[in-house]
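[1] Take this sequence and fold it.
(chains A, B and C)
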Amino acid sequence: MASGSGSLMWFRKGLRIHDNPALQYAAEGTKFLYPVFVIDPHYMEPDKNAFSLGSARAGLNRINFLLESLADLDSSLKKLGSRLLVLKGEPSEVLIRCLKEWEVEKLCFEYDTEPYYQALDFKVKNYASTAGIEVFSPVSHTLFNPTDIIQKNGGRPPLSYQSFVKLAGQPSSPLSHTLSSLPLVGDVGSCVISEVPTIKELGYVDIGQDECSPFRGGESEALKRLNEIKNDKEWVATFEKPKGNPSAFLRPATTVLSPYLKFGCISCRFFYQCLQDVYKNVKRHTSPPVSLLGQLLWRDFFYTVAFGTPNFDQMRGNRICKQIPWNDDDELLTAWRDARTGYPWIDAIMVQLRKWGWMHHLARHSVACFLTRGDLFVHWEKGRDVFERLLIDSDWAINNGNWLWLSCSSFFYQYNRIYSPISFGKKYDPNGDYIRHFLPILKDMPREYIYEPWTAPLSIQTKAKCIIGRDYPKPVVLHDSASKECRRKMAEAYALNKDSNGMVSEEDIRNLRRKLKEDPEQEAKNKRIR
DNA sequence: GAAGGGTTGGAGAA
DNA sequence: TTCTCCAACCCTTC
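    Prediction:
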């Protein structure tokens, strides 16, 4: 054991050959290389109790995307004279067993800032150091090292994009070296190794192509997509994030590189370099924060804040999160989750999420605002959970960061700016083609009623073969009054947070919740009495 | 303490 | 398509 002549490359994210410093270091000066991926059954195997097909932690689309990424990685490794060794079990136990059994002197894996990996890596590193195994764990999932930025800022993460950019400076460059071959895989002893499983082998039944994500996983697919983007210089040069069209689904208005960045099928540093190359060759181009390059900076911003903020993924105990007395209403939550709000724009987006595991960022904004501060006043953590499960690109730092943003709990505070579940979508897609595609029950509804079908006369509903209240639900809330009510609640909650100077107790929240439940008219009277 | 700025609101006017 | 107003938030900087 230990002090052998092999290297173990532990893949988790970073599922790529290009710009992979951990892989490159693992392959250097070693006789044997063990490229390992551990399948955690909890993450991958079916859970019948979950609200959608998938495991306890991930929806089927993301599991499938991961399997495709692994198969692509395996195929690339094979071309280089190696292969992916797939093992099953609790990752730290499996890893430590491999380290014990194989002759390994170097353990290499990409550094990861997520709490899950921090805890996991702590256990594995601990064992490696007692066994005298060298550990190499470089930062290559982000452009910058979040630890450095937090240190530069005096130990706390910067809380605005602008202050982050000032601290960040220039990102590190991708590796220029391309691997042409890899060392042989060593003897695996008694460890049970398998090929990358298929979705069926994991215990899932095949679902129709119609019902699943059109985006295929893997480094090859990612590089192909990046290449197409690079070739469309005009598109790259004029990209402005807030101006994208959320209803475009035949040709999405963004790069759809997010799932590939999430799993590290593509290197963000390589992507950054490609964008700079395009910018160099055009007369003028957009700039951060709205440009494509800006999107990579936003990604690093969220990674940095998430890493430096204890309890980033919850309201309680999170010092940058406003304490707000959200409703605990399961009926409203499931109506939203299952695309039954009665607002076609909202429901179509939720269907796209369920089927594709991806939707445009403004569509995400629209439904996140609707669930939380805009209409339903349901806790952002509940919406976060749904996104985390169903998105193929769900990324711990970015998903939580955006829910904090959209719910006006952190980063963004203009709670009066509410997305309308009717006019926002109509602005981009007056005919409702997006709705007709994802909610075919409404496909024959005339365009003047497609965003508000409950206002259509019964004769029109009959003709469209869609009776509201029978074939498609009535709205769960009335947007005009619900959004007004939400504004009132947000104002009250903000006032409480201000008065308490960031020290809002559980009891304060309970009291405010009780107060907000009172009749608004009574509330007005109360104010006058006071 | 005031002023300026904030990737992505809506509605109505020009 | 671009503007102002709505009502007024926060953080950063000075």
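
[2] Next secondary structure after whichever strand or helix holds residue A:481?
    Using DSSP states H and E, residue A:481 sits in helix A:479-499. Per DSSP H and E, the first helix or strand lying C-terminal to helix A:479-499 is helix A:506-517.

[3] element containing residue A:119?
    Per DSSP H and E: residue A:119 is located in helix A:115-130.

[4] In space, what's closest to residue A:471 - neighbours in sequence excluded?
    residue A:441 (5.7 Å; C-beta to C-beta, 6 or more residues apart in numbering). Backbone N, C-alpha and C define where each C-beta goes, glycine included.

[5] wait, what's in contact with the one you found?
    By C-beta atoms under 8 Å, 6 or more residues apart in numbering, the contact list for residue A:441 reads A:466, A:471-472.

[6] In ChimeraX, select just the buried ones from those.
    Entered in ChimeraX, the line below selects the buried ones among the contacts of residue A:441, by 16 or more other C-beta atoms under 10 Å:
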select /A:466,472
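
[7] Just the ones in helices from the contacts of residue A:441, please.
    Among those, no member is found in helices (DSSP state H).

[8] Switch the contacts of residue A:441 over to TSV; also include distance to DNA strand C and pLDDT.
    TSV is the format used below for those (distance: C-beta to the nearest atom of the strand, whole Å; pLDDT from 0 to 100):
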residue	distance to DNA strand C	pLDDT
A:466	31	98
A:471	34	98
A:472	30	98
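
[9] What is the nearest of the contacts of residue A:441 to DNA strand B?
    residue A:472 (21.6 Å; C-beta to the nearest atom of the strand).

[10] How about the backbone phi and psi for whichever residue of the stretch 51-200 of chain A sits closest to DNA strand B?
    Taking C-beta to the nearest atom of the strand, DNA strand B has its nearest neighbour within the stretch 51-200 of chain A at residue A:161, 4.3 Å off. The phi/psi pair for residue A:161 (degrees, to the nearest 10) reads phi -60, psi -40.

[11] Count the residues that sit near it.
    Residue A:161 has 17 neighbours, counted by other C-beta atoms under 10 Å.

[12] what's the distance between it and residue A:297?
    Distance of residue A:161 to residue A:297, given as C-beta to C-beta, to the nearest Å: 7 Å.

[13] what do you get for residue A:514?
    Taken as C-beta to C-beta, the spacing of residue A:514 relative to residue A:297 amounts to 43 Å.

[14] Compare neighbour counts for the two and give me the winner.
    A direct count of neighbours by other C-beta under 10 Å for residue A:514 and residue A:297 places residue A:297 higher, at 19 against 10.

[15] For the more buried one, list the residues it contacts.
    A:143, A:161, A:164-165, A:168, A:288-289.

[16] Would you mind finding the longest strand in chain A?
    Longest strand in chain A by number of residues, with DSSP state E as the criterion: strand A:32-39.

[17] From the contact counts, what lies against it?
    Under the contact criterion of 3 or more C-beta pairs under 8 Å, 6 or more residues apart in numbering; DSSP states H and E, strand A:32-39 touches strand A:6-11, helix A:21-27, helix A:60-79, strand A:85-88, helix A:91-101.

[18] now the longest one against strand A:32-39, angle please.
    Relative orientation of helix A:60-79 with respect to strand A:32-39: 170 degrees, computed using axes from the mean of the first three to the mean of the last three C-alpha atoms, to 10 degrees.

[19] Could you give the separation of helix A:60-79 from the chain centroid?
    19 Å (C-alpha atoms, centre = their mean, to the nearest Å).

[20] now do stretch A:278-290
    Put simply, stretch A:278-290 sits 26 Å off its chain's centre (C-alpha atoms, centre = their mean).

[21] picking up where we left off before, how about the helices and strands packed on strand A:32-39 in JSON lines, adding mean pLDDT, distance to DNA strand B and mean neighbour count?
    Converted to JSON lines, these look like this (pLDDT from 0 to 100; distance: least, C-beta to the nearest atom of the strand, whole Å; neighbours: other C-beta atoms under 10 Å):
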{"stretch": "strand A:6-11", "mean pLDDT": "98", "distance to DNA strand B": "28", "mean neighbour count": "26"}
{"stretch": "helix A:21-27", "mean pLDDT": "98", "distance to DNA strand B": "27", "mean neighbour count": "22"}
{"stretch": "helix A:60-79", "mean pLDDT": "98", "distance to DNA strand B": "21", "mean neighbour count": "22"}
{"stretch": "strand A:85-88", "mean pLDDT": "98", "distance to DNA strand B": "35", "mean neighbour count": "19"}
{"stretch": "helix A:91-101", "mean pLDDT": "97", "distance to DNA strand B": "31", "mean neighbour count": "18"}
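
[22] before we move on, back to that, out of the contacts of residue A:441, which comes closest to residue A:319?
    Ranked by distance to residue A:319 (C-beta to C-beta), the contacts of residue A:441 are led by residue A:472 at 43.2 Å.

[23] Identify the bridge partners of the closest one.
    Taking DSSP bridges as the rule, residue A:472 bridges to residue A:468.

[24] show me the contacts for it.
    Taking C-beta under 8 Å, 6+ apart, we find residue A:472 in contact with A:342, A:344, A:439, A:441-442, A:453, A:466.

[25] repeat that for 7 Å
    Residue A:472 is in contact with A:441-442, A:453, A:466, counting by C-beta atoms under 7 Å, 6 or more residues apart in numbering.

[26] Please apply the same query to residue A:412.
    Counted by C-beta under 7 Å, 6+ apart, residue A:412 has contacts residue A:405.

[27] Let me know the pLDDT of it.
    Turning to residue A:412, the model gives it a pLDDT of 96.

[28] wouldn't residue A:145 be in contact with residue A:139 here?
    Yes: with contacts counted by C-beta atoms under 7 Å, residue A:145 reaches residue A:139, the gap being 4.5 Å.

[29] Near whichever residue of chain A sits closest to DNA strand C, how many other residues are there?
    In chain A, the residue that lies nearest DNA strand C is residue A:413 (3.6 Å; C-beta to the nearest atom of the strand). Residues near residue A:413, counting by other C-beta under 10 Å, number 13.

[30] Now it: phi and psi?
    Dihedral angles (degrees, to the nearest 10) for residue A:413: phi -130, psi 0.

[31] which residues touch residue A:123?
    By C-beta under 7 Å, 6+ apart, the contact set of residue A:123 is residue A:92.

[32] same deal with residue A:306?
    Counting by C-beta under 7 Å, 6+ apart, residue A:306 touches A:312, A:396-397, A:400-401.

[33] any idea which element it lies in?
    Secondary structure from DSSP H and E places residue A:306 in helix A:292-308.

[34] is DNA strand C contacted by that helix?
    No: using C-beta under 7 Å from any atom of the strand, helix A:292-308 never reaches DNA strand C; the gap is at least 10.4 Å.

[35] picking that back up, so which of the contacts of residue A:306 are in strands?
    Among the contacts of residue A:306, no residue falls in strands (DSSP E).

[36] Make JSON lines out of these and add pLDDT.
    What follows is these, written out as JSON lines (pLDDT from 0 to 100):
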{"residue": "A:312", "pLDDT": "96"}
{"residue": "A:396", "pLDDT": "98"}
{"residue": "A:397", "pLDDT": "97"}
{"residue": "A:400", "pLDDT": "98"}
{"residue": "A:401", "pLDDT": "97"}
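
[37] quick one: which of those is nearest residue A:116?
    So of these, ranked by how close each gets to residue A:116 (C-beta to C-beta), first place is residue A:396, at 7.5 Å.

[38] Could you find the closest non-adjacent residue to that closest one?
    Closest residue to residue A:396 apart from its sequence neighbours, by C-beta to C-beta, 6+ apart: residue A:114 at 4.8 Å.

[39] swap in residue A:326?
    residue A:379 (3.8 Å).

[40] And for residue A:347?
    Counting by C-beta to C-beta, 6+ apart, residue A:347 lies nearest to residue A:339, which is 4.0 Å off, once chain neighbours are set aside.

[41] among the contacts of residue A:306, which are in helices?
    A:396-397, A:400-401.
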